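Asks: Please work out how this folds:
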Amino acid sequence: DFLQTISSRNGGALWLGEHHNSVKDHNLQVDILRQVHQLRQATGSPTAVGLEQVQIKFQPVLNDYLAGKISAAEMRQRVEWDTRWMWPFEVYEPVFAT
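Replies: Numbering: from 1, shown residues only. Below you'll find the model as predicted:
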């Protein structure tokens, strides 16, 4: 199955696109990310997610969020979401939470 293959140690990269204003698309992304992450965890393989909305210079902010040092609201502010991206944070927040 596709998710098993992409989640294996040699699975490579998976590119997910969406309509930026589609909650359905974002929910599907979250479902796929959760499944891939769970399968990769079972093999001891790390999972990385890249987002076009957040520039690489903000990686330390994302690291703080993932480490539980800051809230989603603070992460949103520190990556300058509202000035750098026109689509609502709320539809992307589940991706970050995954």
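
Asks: what about the nearest residue to Gln29 once chain neighbours are set aside, which helix or strand?
Replies: Closest residue to Gln29 apart from its sequence neighbours, by CB to CB, 6 or more residues apart in numbering: Leu16 at 5.1 Å. Quick note: C-beta positions are derived from backbone N, CA and C, even for glycine. Using DSSP states H and E, Leu16 falls within no helix or strand.

Asks: how many other residues sit next to Leu16?
Replies: As a burial measure, Leu16 scores 14 neighbours (other CB atoms under 10 Å).

Asks: and it, how far is that from Val30?
Replies: Leu16 sits 10 Å away from Val30, going by CB to CB, to the nearest Å.

Asks: Ile70 too?
Replies: Ile70 is 21 Å from Val30, by CB to CB.

Asks: swap in Met86?
Replies: Taking CB to CB, one finds Met86 at 21 Å from Val30.

Asks: Repeat that for Ser7.
Replies: Distance, Ser7 to Val30, by CB to CB: 16 Å.

Asks: for His19, what are its contacts?
Replies: Counting by CB atoms under 8 Å, 6 or more residues apart in numbering, His19 touches Asp25.

Asks: And the pLDDT for it?
Replies: pLDDT for His19: 87.

Asks: Next up, the contacts around Pro88.
Replies: Taking CB under 8 Å, 6+ apart as the definition, Pro88 has no contacts.

Asks: Look up how far His20 lies from it.
Replies: 9 Å.

Asks: Would you mind listing the buried residues in the lowest-mean-pLDDT helix or strand in the chain?
Replies: Lowest by mean pLDDT, DSSP states H and E among the helices and strands of the chain is helix 2-7, with a mean of 80. Using 16 or more other CB atoms under 10 Å as the test for burial, helix 2-7 gives Ile6, Ser7.

Asks: Fine, thanks again, bye for now.
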